[in-house]
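Colleague: Provide a 3D model corresponding to the input given below.
(chains A and B)
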Amino acid sequence: MRMSRLFGTTLRHDPADAELVSHRLLLRAGLVRAIAAGIYCYLPLAYRSMRRIEEIIRQEMNAIDGQEVLLPVVHPAELWKESGRWFSVGPELVRFEDRGGRDMVLAMTHEEPVTDLLRREVSSYRQLPLLVYQFQVKFRDEPRSRGGLVRVREFTMKDGYSAHTDFEDLDRFYPYVRQAYENAFRRCGLDVVVVDADPGMMGGTASHEFMVLSEAGEDTLIHCQGCGYAANAEAARFAKGDPVGGDPLPLEEVATPGMKTIQQLADFLGVPTRQTAKAVFYVDQDGGIIFAVIRGDLDVNEVKLGNALRATELRPATDAELEAAGIAAGYASPIGVKGVKVVVDDSLVGAANLVAGANRAGFHYRNANFPRDFRADLVTDIALARQGDTCSVCGGELADQRGIELGHIFKLGTKYSQAMGATYLDPDGQEKPIVMGCYGIGIGRLMAAAIEQHNDDKGIIWPPAIAPCQVHVVGLNLDRAEIAEAAESVYESLGKRWEVLYDERSEQSAGVKFNDADLLGLPVRVTVSARSLKAGGAEVKARWAAASEVVPLERLEEAVEAALASWPGPQ
RNA sequence: CGGGGUGUGGCGCAGUUGGUUAGCGCGCAGCGUUUGGGACGCUGAAGUCGGAGGUUCGAGUCCUCUCACCCCGACCA
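Modeller: I've put the predicted structure just below:
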């Protein structure tokens, strides 16, 4: 490809509204342009990289017997009503009517059409297991897109769906997908960590996320240095330690004027925060008030709480709502409450003589004991893991880090097959629901993460495997015919083996060309100039290397090969 | 949805207490000189000042409404 003909221009200045490194570089290098918030046009160089990423993923999916399909972007709402998500998913699902007044949706994911296909095509256990996948556009009307390609509303995803006779077969197959994902990310030049995750709106029994560690990430990971346990903070487990013991004492009301925080309260009464019970309130999708009770030194994990309640929506309650329910904010008590759903964190089981609210402004109870003094609709783990907490696996200390979620794999189970009637006949002639898994990777986000992970102050440093082109030939002094000829023949000969971008622009200075080359960040730069020819050939430089070498033209190919092979990142 | 911010040629920005014909750098076009780290000269094209309404003799500038985008939060496979 000739640089003079390349569609897309490099920007000399940083765009004013790009904060993330990857966003800045994607714009400056002329790779993408925004057309609306979270909606991007992908220019030739970006699309080349995305196709390379897709090809790597395609190979890994095919290697585990995946079959590529293409499912529609517009679905009839009926399918989403059948699965229930028409009702459970919020405004991020774009709904519209076609001209006939029929409800339609823009695909934000493809479980529904896949399950519909499965119920039509699969009738026998003999057809299972199977894996289908696609590269297709999704649209999610996120309330807030940000960070360039890291979080967008419209994006291309590789999504895959497996179908099995039973959970055992899904369990058997799942690790192959995980391995395929690890292979794919590594081949794309990325270091990822695999973490336990929350299945969220997808439902299902287990899921794992593939994360690139980055301060630009929106997810918090919790991981243990000791044993390698790693999880999204939304799902992370930890050891809460033994409860404060002792013989239960009689309940006793004490005046605690002005004590608004747990810390103040604990100091005032001379007890550790872990001997208090903290009350936190939420409102669910039906307007019902949820009363979450947790040990005073811990915080509520809203995701865990929502999952435990099977709530589709959960938000903190307002003071007005609490008042209307007869709850004294700041002094709320699980003791004697009525008409609310009480969820107790398991940290309170066996804890003796806690300080809890008295549901009267300015008063608390001492010596509250569960379940002696208050009931619970649900007792479970609803605690948020934090840096410094104790690993539940090995007892080590947990640390937190930020990450960008590139892939997510789920054991869906029968959520969709059951809801939509996707069944098969087993060898005994029994009708059974298909057991499903689903597996996603964001293509554009992967590309952005690669840039986020591989760059310097001059520009992008593409991992060779996903670079738009591997070689950037820079021609200088091209007004001299013999040099132009040499550069042209280098372009042609290297082009037989690699994708080559040839900077043959005549009106640009050497400085502009070198700076553009660094900005675009193709892995190997080959400079053909009066100086290089005089020195005996062409100058070869890897983008990540400080040094360059002049190589005789007849040995260029092996030099480029060696430079590509010197890539220091994963491959 | 809450908080904050920004909208002026393609990009980055300036524009005073309201006052002629709205500027600067980069980029772009033409001509010439240039080519190893963002060259130089000359000439030139390109702007409904985000939009609507209002105040005023006069609005890029003041007022009202509105739209878009960015950042923080809420939210989120």
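
Colleague: residue ranges with poor pLDDT in chain A?
Modeller: Applying pLDDT under 70 to chain A flags residues A:200-205.

Colleague: show me the longest strand that occurs in it.
Modeller: strand A:398-413 (DSSP state E).

Colleague: from the contact counts, what lies against that one?
Modeller: On a contact count with 3 or more Cβ pairs under 8 Å, 6 or more residues apart in numbering; DSSP states H and E, strand A:398-413 meets helix A:167-187, strand A:206-213, strand A:219-224, strand A:435-442, helix A:443-453. In this view, the C-beta of every residue, glycine as well, is placed from N, C-alpha and C.

Colleague: A:Met50: which of these is closest?
Modeller: Proximity to A:Met50, assessed across those by Cβ to Cβ, is greatest for helix A:443-453 (5.3 Å).

Colleague: if we can go back for a sec, next, format the helices and strands packed on strand A:398-413 as JSON lines and append mean neighbour count and distance to RNA strand B.
Modeller: Below are those laid out as JSON lines (neighbours: other Cβ atoms under 10 Å; distance: least, Cβ to the nearest atom of the strand, whole Å):
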{"stretch": "helix A:167-187", "mean neighbour count": "18", "distance to RNA strand B": "12"}
{"stretch": "strand A:206-213", "mean neighbour count": "23", "distance to RNA strand B": "7"}
{"stretch": "strand A:219-224", "mean neighbour count": "21", "distance to RNA strand B": "7"}
{"stretch": "strand A:435-442", "mean neighbour count": "25", "distance to RNA strand B": "3"}
{"stretch": "helix A:443-453", "mean neighbour count": "26", "distance to RNA strand B": "9"}
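
Colleague: looking at those, which is nearest to A:Gly38?
Modeller: Smallest distance to A:Gly38 across the helices and strands packed on strand A:398-413 (Cβ to Cβ): 10.9 Å, for helix A:443-453.

Colleague: and that closest one with helix A:167-187, angle?
Modeller: Helix A:443-453 runs at 50 degrees relative to helix A:167-187, counting by axes from the mean of the first three to the mean of the last three Cα atoms, to 10 degrees.

Colleague: which SSE is immediately downstream of helix A:443-453?
Modeller: As assigned by DSSP states H and E, the chain's next helix or strand after helix A:443-453 is strand A:455-456.

Colleague: from the chain's centroid, how far away is that next one?
Modeller: Averaged C-alpha coordinates place strand A:455-456 at 22 Å from its chain's average position (Cα atoms, centre = their mean, to the nearest Å).

Colleague: and what of stretch A:126-146?
Modeller: On Cα atoms, centre = their mean, the centre of stretch A:126-146 falls 13 Å from the chain's centre.

Colleague: do it and RNA strand B meet?
Modeller: Yes - against RNA strand B, stretch A:126-146 shows contacts by Cβ under 7 Å from any atom of the strand at A:138, A:140, A:142-146.

Colleague: could you do stretch A:84-99 as well?
Modeller: Yes - applying Cβ under 7 Å from any atom of the strand, one finds stretch A:84-99 touching RNA strand B at A:90, A:92.

Colleague: am I right that A:Ile294 is in contact with A:Val300?
Modeller: Yes - using Cβ atoms under 8 Å, A:Ile294 is in contact with A:Val300, at 5.5 Å.

Colleague: who's in contact with the closest residue to A:Gly339 other than its chain neighbours?
Modeller: Distances taken as Cβ to Cβ, 6 or more residues apart in numbering place A:Ala325 nearest to A:Gly339, at 6.5 Å, with adjacent residues excluded. Shown in contact with A:Ala325 (Cβ atoms under 8 Å, 6 or more residues apart in numbering): A:289, A:339-340.

Colleague: what do you get for A:Trp544?
Modeller: A:454, A:461, A:523, A:566-568.

Colleague: kindly report the same for A:Met211.
Modeller: Here A:Met211 is in contact with A:192-195, A:217, A:219, A:221, A:232, A:403-406 (Cβ under 8 Å, 6+ apart).

Colleague: pick out the most distant pair among these.
Modeller: So, the contacts of A:Met211 by Cβ to Cβ: farthest apart are A:Val194 and A:Gly217, at 14.8 Å.

Colleague: more neighbours, these two?
Modeller: A:Gly217 (20 against 17; other Cβ atoms under 10 Å).

Colleague: and for A:Asn477, nearest residue in space, chain neighbours not counted?
Modeller: Nearest-residue entry for A:Asn477: A:Ala530, 4.4 Å, with adjacent residues in sequence omitted and distances by Cβ to Cβ, 6+ apart.

Colleague: any residues in contact with both of A:Ile294 and A:Val300?
Modeller: With Cβ under 8 Å, 6+ apart as the test, A:Ile294 and A:Val300 both reach A:278, A:280, A:345, A:382-383.

Colleague: in the stretch 401-550 of chain A, which residue sits closest to RNA strand B?
Modeller: A:Gly511 (2.5 Å; Cβ to the nearest atom of the strand).

Colleague: helix or strand for that residue, which one?
Modeller: helix A:510-520.

Colleague: buried residues, that helix. List them.
Modeller: A:513-520 (16 or more other Cβ atoms under 10 Å).

Colleague: got JSON lines for the residues you listed, with distance to RNA strand B too?
Modeller: Shown next, in JSON lines, are these (distance: Cβ to the nearest atom of the strand, whole Å):
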{"residue": "A:Lys513", "distance to RNA strand B": "7"}
{"residue": "A:Phe514", "distance to RNA strand B": "3"}
{"residue": "A:Asn515", "distance to RNA strand B": "4"}
{"residue": "A:Asp516", "distance to RNA strand B": "5"}
{"residue": "A:Ala517", "distance to RNA strand B": "7"}
{"residue": "A:Asp518", "distance to RNA strand B": "4"}
{"residue": "A:Leu519", "distance to RNA strand B": "5"}
{"residue": "A:Leu520", "distance to RNA strand B": "10"}
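
Colleague: I'd like to know how far the most centrally placed residue in chain A sits from A:Asp516.
Modeller: The geometric centre of chain A, computed from its C-alpha atoms, lies nearest to A:Glu405 (Cα atoms, centre = their mean), at 2.1 Å. According to Cβ to Cβ, to the nearest Å, A:Glu405 and A:Asp516 sit 32 Å apart.

Colleague: how about stretch A:391-405 as PDB, C-alpha atoms only?
Modeller: The C-alpha trace of stretch A:391-405 is given here as PDB (Å, rounded to 0.1, in the frame of the first residue of the first chain):
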ATOM      1  CA  CYS A 391      -7.600 -14.900  50.400                       C
ATOM      2  CA  SER A 392     -10.200 -17.600  51.000                       C
ATOM      3  CA  VAL A 393      -8.100 -20.200  49.200                       C
ATOM      4  CA  CYS A 394      -4.700 -19.800  50.800                       C
ATOM      5  CA  GLY A 395      -4.900 -17.200  53.500                       C
ATOM      6  CA  GLY A 396      -2.600 -14.800  51.600                       C
ATOM      7  CA  GLU A 397      -3.300 -11.100  51.200                       C
ATOM      8  CA  LEU A 398      -5.400  -9.900  48.400                       C
ATOM      9  CA  ALA A 399      -4.400  -7.000  46.100                       C
ATOM     10  CA  ASP A 400      -6.400  -5.100  43.600                       C
ATOM     11  CA  GLN A 401      -5.600  -3.900  40.100                       C
ATOM     12  CA  ARG A 402      -7.500  -2.300  37.300                       C
ATOM     13  CA  GLY A 403      -8.200  -4.200  34.100                       C
ATOM     14  CA  ILE A 404      -9.900  -4.100  30.700                       C
ATOM     15  CA  GLU A 405     -12.200  -6.900  30.000                       C
END
